[in-house]
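In: The following comprises the amino acid sequence and a computationally predicted model.
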Amino acid sequence: MTQTNNNMTVNPDLAMERAKCNFNVLEVTHIFDGGERNTLQRKKIEDVALNSGASKDALGEEHMSPKEKYENAVRKSCIYATMMKNELAELSGLESFGVSSPVIRRTADAFFKEVSPFLLHLGMFVPTIMGQCTPEQQSYWLPRALDMQIIGTYAQTELGHGTFIRGLETTATYDPETEEFVLHSPTLSSYKWWAGGLGKTVNYCIVVAQLYTKGECHGTHPFIVQIRDEDTHVPLPGIKVGEIGPKMGFNTADNGFLGFDHYRIPREHMLMKNAQVLKDGTYVKVARHGKLTYGTMVFVRVVLVNEVAFNLAKASTIAVRYSAIRRQSKPKPDEVEPQILDYVTQQHKLFIAIATAHALQLCSTWLWESFSAVLAQMKGGNTDTLPEFHALSSCLKAISTSDSAHLIEQCRHACGGHGYMISSGIPNLYNFVSATRTYEGDYTVLLLQTARFLVKAYEQAEAKKPLTPTVSYLAHAFSGSRATWDNSPDGIIRSFQALAAGKTAVCVTNMRKRMRAGLSQVDAWEMSTIQLVAAAEAHCRAVIADTYRKEIVRLTANSSPNVKVVMDQLTTLYLYYWALERTGDLLMFTSVSQKDLVDLQIAYEELLLKIRPNAVGLVDAFDLRDELLHSTLGSYDGRVYERLMEEALKSPMNKEPVSDAYSKYLRPMMKGKL
Ligand SMILES: CCCCCCCCCCCCCCCCCCCCCCCCCC(=O)SCCNC(=O)CCNC(=O)[C@H](O)C(C)(C)COP(=O)(O)OP(=O)(O)OC[C@H]1O[C@@H](n2cnc3c(N)ncnc32)[C@H](O)[C@@H]1OP(=O)(O)O
Ligand SMILES: Cc1cc2nc3c(=O)[nH]c(=O)nc-3n(C[C@H](O)[C@H](O)[C@H](O)COP(=O)(O)OP(=O)(O)OC[C@H]3O[C@@H](n4cnc5c(N)ncnc54)[C@H](O)[C@@H]3O)c2cc1C
């Protein structure tokens, strides 16, 4: 039985869920979007980009060969790029907000089930030109790149090194005779590997190479390098370039390899904002901070927090809507089978995904604002806030990508067998997000960067020196007593800070012990890295919890009462969930008792029940159009079984009643004639 809603036939269970939602869904959409103005602008962009139907494919991407998939992605990227230059440019505020406007990025997802081969052009090539060029270089390259007259990527990682940038082997040796750099790949392991769009799409790339001048190595620097002819697209002499082959995801992104055989580029193609090589080969350092050439990576880490929040919102929308229409088992013999969303274990799997999408979305806005402040200070020559920001963006990138990947997989589990179908949309989301945990700095590696900062901050706190804002809680780490447990939201956040402080203290103590026992500083650090990663994770969880709570209180100050209640429930759920995940740590570092934890578990379960009637309303509030979800299970109308069957019938395997494999193999084998 179906019901009609806004000219759409809607599954009755979903219609019932929507009828019982007790808060204003649009108000929550505004909170998630960062205000009503943003929601209106987003909807306008989506209408222009999606209403024409240009994003749709006649045949699903999943039924195409790798070559067809790639060509189709290029075709649609070109359509979308043209829209961006024309009808979308003004709407998205591209001039003021930069090309990485998250709305443009999100809308693009309707065009690509995997990713656009232009992702790296917009995500890293253009930002590197903006961040690493002198004004003269920028005025030459940026208009060409924004107008898509040239398409580029970011080639840093090599076959032999991704994490350890200082270990890259590609060389750029300055030749003062010709005023050129000679790019060379001396070994197989020095081949650039992974850059998105490099395989077939781009004609330029940012290459990160070891700079040699006057016989001296000055470390890694970025260069802009033409690799294909601007007219024929043929690779230029001295360039060996290709695609790296099938991957878990990103299969429409033609990730590539690149090698140089004494390939020459003009001196001006070194990006010279932070360091310069003069005509005679003299090296001049301009930047006040040694790591500013890592700036594009910091930018992308910030962007990724928002990116994964969005993808988690998609997965939770799919899984919650599906759980509202799916009925299974019969715990009460006289009643109909319940919606699986009524199982408390299902709520436990899903509501944390909704809450985490909110937490990460609000943290990402806050992180972006902090980043803008750091950039503004650096413009004035002050790099003092950079170390704290590097520590913050590193851990937020690591935890947000890791949590999102885990929760997207949990959403798949929540959808049972149908979640395993590509058409559910969840496998593509997982394949995309699980890569974010690795690229732009692996999880462990980035948490160790944060741990380095935490240890220094702890030593400053010990010496009673001033602390930067995100680690100011370390000042209370020396009271000698365990933090007092209190199950209010603020009390739980203070406990999370106590965990981070306690774990950092344990690391410092252990490292000191190990050094006293004769280990070098490097070895003592190495032996403590499991605990250092755990300390950085705890720090990050305290930051997320604190930011989420503060932001939601601020953003709901003028909300209607029921919106305030449901947003407060979601925030509290997030805090309870993580407190219960870390009971061992709480017992070590706070005064929490066994009874407190038992009570907390009960309170958590009761909270799930309170959120239950609003679950569909909460995911509707993400306001994700069906075109963005690409999901048989998660569409707004809930016509799940109909869509699953429609998609199955599209399978090329169903085109002929009997497969060729029957006459070729099955029949001969069954007749004993193979
Ligand atoms: C208009 C048309 C449109 C058309 C449209 C059509 C289509 C439409 C499509 C629409 C598209 C829309 C576009 C939007 C895109 C958005 C999405 C973007 C996605 C992008 C995908 C990206 C894919 C993936 C890309 C990639 O993956 S690209 C490669 C990334 N690779 C890595 O991330 C390597 C990690 N490794 C390291 O980052 C380092 O190696 C290492 C570990 C730090 C050690 O670095 P090391 O130099 O060894 O330093 P240490 O010795 O450890 O430290 C020494 C001292 O330096 C300090 N310090 C280290 N760092 C830093 C640092 N930054 N900053 C400050 N300090 C630092 C450290 O704190 C220590 O301080 P101290 O304690 O001494 O005080
Ligand atoms: C889909 C995808 C797209 C990509 N796109 C690009 C791109 O466009 N451009 C580009 O330049 N690169 C790109 N990359 C490469 C990416 O940035 C690297 O793969 C990433 O930085 C990890 O480096 P690695 O592969 O060298 O891993 P490794 O460093 O070899 O890591 C392997 C393991 O060793 C551990 N490890 C390494 N060092 C340490 C340490 N010091 N302490 C403790 N543990 C350590 C890691 O934690 C990890 O578990 C892409 C990668 C993927 C998967």
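Out: It's in. Ligands and ions are numbered 1, 2, ... in the order given.
In: With just CA atoms, put the host helix or strand of residue 88 into CSV.
Out: Counting by DSSP states H and E, the element that carries residue 88 is helix 87-91. What follows is helix 87-91, C-alpha atoms only, in CSV (Å, rounded to 0.1, in the frame of the first residue of the first chain):
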residue,chain,number,x,y,z
GLU,A,87,25.3,29.5,-14.8
LEU,A,88,26.8,28.4,-11.5
ALA,A,89,29.6,30.9,-11.2
GLU,A,90,27.6,33.8,-9.9
LEU,A,91,25.2,31.6,-7.8
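In: May I see the buried residues of it?
Out: Neighbour-count burial for helix 87-91 flags 88, 91 (criterion: 16 or more other CB atoms under 10 Å). Every C-beta, even on glycine, is put in place using the N, C-alpha and C of the backbone.
In: Rounded mean pLDDT for it, please.
Out: Helix 87-91 carries an average pLDDT of 76.
In: What is that helix packed up against?
Out: Applying 3 or more CB pairs under 8 Å, 6 or more residues apart in numbering; DSSP states H and E, one finds that helix 87-91 contacts helix 36-50.
In: tell me the phi and psi of the residue in the stretch 451-600 of the chain that ligand 1 sits nearest to?
Out: For the stretch 451-600 of the chain, the residue closest to ligand 1 is residue 452, as judged by CB to the nearest ligand atom, at 4.6 Å. Backbone torsions of residue 452, given as degrees, to the nearest 10, read phi -60, psi -40.
In: Repeat that for residue 109.
Out: Here is the backbone geometry of residue 109 (degrees, to the nearest 10): phi -60, psi -20.
In: So for the closest residue to it other than its chain neighbours, what's the pLDDT?
Out: Of all residues not flanking residue 109 in the chain, residue 628 sits nearest, at 5.2 Å (CB to CB, 6 or more residues apart in numbering). As predicted, residue 628 sits at a pLDDT of 97.
In: can I assume residue 631 is in contact with residue 421?
Out: No - contact between residue 631 and residue 421 fails when scored by CB atoms under 8 Å: they sit 9.5 Å apart.
In: quick one: is stretch 300-317 near ligand 2?
Out: No - legend: contact between stretch 300-317 and ligand 2 by CB under 6 Å from any ligand atom is lacking; minimum distance shown is 9.5 Å.
In: Quick check: residue 406 vs residue 433, distance?
Out: The gap separating residue 406 from residue 433 is 9 Å, by CB to CB, to the nearest Å.
In: Which residue of these two possesses the greater neighbour count?
Out: More crowded of residue 406 and residue 433, by other CB atoms under 10 Å: residue 433, with 28 against 17.
In: what helix or strand does the more buried one sit in?
Out: Per DSSP H and E, residue 433 falls inside helix 426-436.
In: and that helix, anywhere near ligand 1?
Out: No - judged by CB under 6 Å from any ligand atom, helix 426-436 and ligand 1 are separated, with a smallest distance of 7.7 Å.
In: next one: that helix to chain centre, how far?
Out: Averaged C-alpha coordinates place helix 426-436 at 10 Å from its chain's average position (CA atoms, centre = their mean, to the nearest Å).
In: what's that helix packed up against?
Out: Contacts defined by 3+ CB pairs under 8 Å, 6+ apart place helix 426-436 against helix 295-325, helix 386-414.
In: Can you point out the buried residues in the shortest one?
Out: In other words, helix 386-414. Buried residues in helix 386-414 (16+ other CB under 10 Å): 386-412, 414.
In: Domains in this structure, by residue range?
Out: For the chain, automatic domain parsing gives the domain ranges 121-287, 443-620.
In: Could you dump the ones you listed into JSON lines with distance to residue 109 added?
Out: Below are these laid out as JSON lines (distance: least, CB to CB, whole Å):
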{"stretch": "domain 121-287", "distance to residue 109": "12"}
{"stretch": "domain 443-620", "distance to residue 109": "17"}
